[in-house]
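S.K.: When you get a sec, could you give me coordinates for this:
(chains A and B)
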Amino acid sequence: MKNLIPRPCGSLEHAIARRQFMGDFMTGLGALAGTSLFSHPLGASQIAKQNKSVVVVFLDGGISQFESWDPKKDLETGGPFKAIPTTVPGIHISELLPHTASQMHHMALIRSISTDLDDHGLARNLVRSGRMTRSATEYPEIGATIAKGLQRSDFPLPGHIQTSPEGVGGRTNNAAYLGPQYASVVVGAEKGGIVHTQLPDGMSVTVDSRRHDWRRFANGRLKSKVQSAEIDAYTQSYEQALRLMERHELFDIGKEPESVQESYTKTEFGKQLLLARRLVEQEVPFIEVKWDGWDFHHNNFEFHLSYVNHHFDRPFAFFISDLAQRGLLDKTLVVVMTEFGRTPKINAGYGRDHYPKAWSIALAGCGIKHGAVIGSTDAKGIEVTDRKVDHRHLLHTYLRAVGVDSTGEFDVAGRKVPIADPAYGPIEELLA
Amino acid sequence: MTQDPADSPAFDAKATHLIHDWAHDSKLLCCRVDPLGRFVFAGGIDYTIQRWEIATGNKTALIGHDNWVRTLAFSPDGSACFSGGYDGRLIAWEPAATKPVPVRVIDTKHGWLRDLAVSSDGQRLASVGNDRLVKVWSATDGSLLHEFAGHPQITYCVQFVPGAYDLVSGDVVGNIYHWRADTGQLERKFDGSAIHNMIGDIAPFGGIVNMAFSPDRKRLTACGLHKTSNAPAGNRRAVALSFDWNTGEKLPKQESLAKELDATMWRVQYHPSGIMLGVVEKEIGFWKDGQEELFHLVSSPSDIFDFDLHPNQVDYFTAHYDGHVRGWRCAIS
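M.R.: As a prediction, this is how the structure comes out:
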């Protein structure tokens, strides 16, 4: 799923994807060298908030608010899907989400998000970092910020994990000045757990241990002469990999009873949600389940029928109920995030285009008022009519929901950097 | 009054020109001309059917659906019109009534009802939809006569085999099934997967959008899209894929090669002369028997979602994204 779907639209962002990747990589190294080594952990008050987790389901491309959280009856803009009631009286969502509707008493909706950017890359960065990237400053994504805010110093696993359908990857560059230890590690949701975690044939534990001793010795010797963030990153990656190898069974969704695997559906999305639940049990601070391809300029309704109704609804609803039944939802914030909404206008290809002006997200779990609906849009879904919020309010809200003081600051090489935009605050009426 | 085709000027695709342009205020998804040539009906996303009297352009609304009206069909004698919508309703209308009201409403339980067909003798109706079933109804009393199961995915379209109660149905993953009416058995399968794609392992794209038999009944033509490079962005090409009805042999595809347009062939229809017409975005394409490339393309101002030939055999009508129904004459006026 994640790796198989082509980028849907021919935007500039897609055209420069590879060039940007290389640029990101080098920028990341630069940022790393300049700041992250000197970042300080958050204060003791934050530590008390440990063991909470955030799970972001990121529907990359832009799910339609009309076909999910904010259905409309309007004949020209509403589309062919009707609204259905949920377990919270008065709240209706799209008929594509009948199972999710049965979990609404654990959830909340924000229907009044209004942002400015309609380019995938820029908008994605906006909602994932809660900030507008300036030319001189890249901000960490929410996952890195949460990991830094909630991760215990002795925590054996990565604090920021992104699931994928298969395989395992290195760290990505999304922690900016927080440093690579807070960047996401990609882990595949497969039976058998993380691949390549066994020693090769002929390699004994003793020999392997000697190899690592030699590596540590060489790194230490080099570091005694040269202060380099790259060496730190290199060292950390190895040590992290070793810790993952020791705990690879935690990532093995095949350890789950068959009935549970069936309930999550054995789709790529369902398997990733199941892995996310296992990671929540391990108190991983931030887990992202990223699903690409939600960019339906064409054939919007047929694709939403497949994506939302046939593939999202049932596993997501079971994920919420499973967390609740295991007592994990009280310590887990779940956010169904996307980078913008879709146009009220239905285009000539039965599609909807990018629309940042009025869109929605859904949340569930800890720190929020269950059954709350924040804001509203007009009857056609064109304008926000009540409680307009944007990415800055959202970042404050996510952090506050899991007990991180969003008015705090990072110390970046002696420079105070606010965790979230200090001119804004959380959506107080949403917070529990 | 219907026009005798013998009195009509000769069909000439290259002489096609606009003769009617009627506006509605909502996007139109389907259209059909009644077999007596008096009216053109069009269904829209505003849940209504609009009826235009061809002689005058007078418009009348037919109210009865509670979702997009996706498909229309007529009894061969023009005495009944049938509509199907995403509300799952199959509604029978008296087409020439001053103010038509539903004569009969059937809840097909298809979910979205996507296509309707009427048998050659007018006695049976067939419907398909999201429940993957093919259902056959009595056209006289609305009772359910048969239910054929076997499509693995959403069923898009259905046709009666001309002169018979046998059916062909097509689905979103490219299957075309031939059902025996007498036994309910699956008689044959045609592989239309060449005009089907999967997006990741999640969403089927394309499939058998519509079908038509050639006038000599030797050829079954399915249409839809292919050459998908970026489905969610709409990069695709309109295409028709035909089969020899007797042997099942797959015949060469027919498409627009010289002018590449991002399009789905929403409908294909044969002129009695054997010329094939198909939707290609804002255009109607014309193909000669067996030729891969079209020989003529008629442009219109807006995307076309459906069209239908008039019984005079020289006119056709198109239903558009801009809410218009347009009438075209394939002859020198």
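
S.K.: For chain A, which helix extends over the most residues?
M.R.: In chain A, with assignment by DSSP state H, the single longest helix is helix A:205-225.

S.K.: Can you tell me which residues in the stretch 1-150 of chain B are near chain A?
M.R.: Within the stretch 1-150 of chain B, the positions near chain A by CB under 8 Å from any CB of the partner chain are B:26-27, B:45-47, B:67-68, B:86, B:112, B:130. C-beta coordinates here come from the backbone N, C-alpha and C atoms, glycine included.

S.K.: please redo it, this time with the cut-off set to 7 Å
M.R.: B:26, B:45-47, B:67-68, B:86 (CB under 7 Å from any CB of the partner chain).

S.K.: so, in contact with chain A or not, stretch B:283-296?
M.R.: No: if you take CB under 7 Å from any CB as the test, stretch B:283-296 misses chain A, and the best it gets is 13.0 Å.

S.K.: on that earlier part again, touching the longest helix of chain A from outside, list them.
M.R.: A:199, A:231, A:235, A:238 (CB atoms under 7 Å, 6 or more residues apart in numbering or on different chains).

S.K.: CA-only coordinates of that helix, as CSV, when you get a sec.
M.R.: Provided in CSV are the C-alpha atoms of helix A:205-225 (Å, rounded to 0.1, in the frame of the first residue of the first chain):
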residue,chain,number,x,y,z
VAL,A,205,27.2,-14.3,19.1
THR,A,206,30.7,-14.0,20.4
VAL,A,207,32.1,-12.9,17.1
ASP,A,208,29.2,-10.5,16.6
SER,A,209,29.9,-9.0,20.0
ARG,A,210,33.5,-8.5,19.1
ARG,A,211,32.6,-6.8,15.9
HIS,A,212,30.5,-4.3,17.9
ASP,A,213,33.2,-3.8,20.5
TRP,A,214,35.6,-2.9,17.7
ARG,A,215,33.1,-0.5,16.1
ARG,A,216,32.5,1.2,19.5
PHE,A,217,36.2,1.5,20.1
ALA,A,218,36.8,3.0,16.6
ASN,A,219,33.9,5.4,17.0
GLY,A,220,35.0,6.5,20.4
ARG,A,221,38.5,7.1,19.2
LEU,A,222,37.4,9.2,16.3
LYS,A,223,35.0,11.1,18.5
SER,A,224,37.8,11.9,21.0
LYS,A,225,39.4,13.8,18.1
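
S.K.: Just give me the neighbour total for residue 235.
M.R.: Let's take chain A. 16 (other CB atoms under 10 Å in any protein chain shown).

S.K.: wait, chain B
M.R.: Number of residues near residue B:235 (other CB under 10 Å) recorded here: 18.

S.K.: quick one on the thing from earlier: gap between the next helix or strand after the longest helix of chain A and the chain center?
M.R.: Note on helix A:205-225: by DSSP states H and E, the next helix or strand toward the C-terminus is helix A:229-246. On the basis of CA atoms, centre = their mean, to the nearest Å, helix A:229-246 sits 23 Å off its chain's mean C-alpha point.

S.K.: if we can go back for a sec, taking the contacts of helix A:205-225 together, which two end up most distant?
M.R.: Using CB to CB, the contacts of helix A:205-225 span at most 25.1 Å, a distance reached by A:199 and A:231.

S.K.: which one of those two has more residues nearby?
M.R.: Taking neighbours as other CB under 10 Å, residue A:199 and residue A:231 compare with residue A:231 leading, 15 against 11.

S.K.: can you tell me which residues contact the more buried one?
M.R.: A:219, A:222-223.
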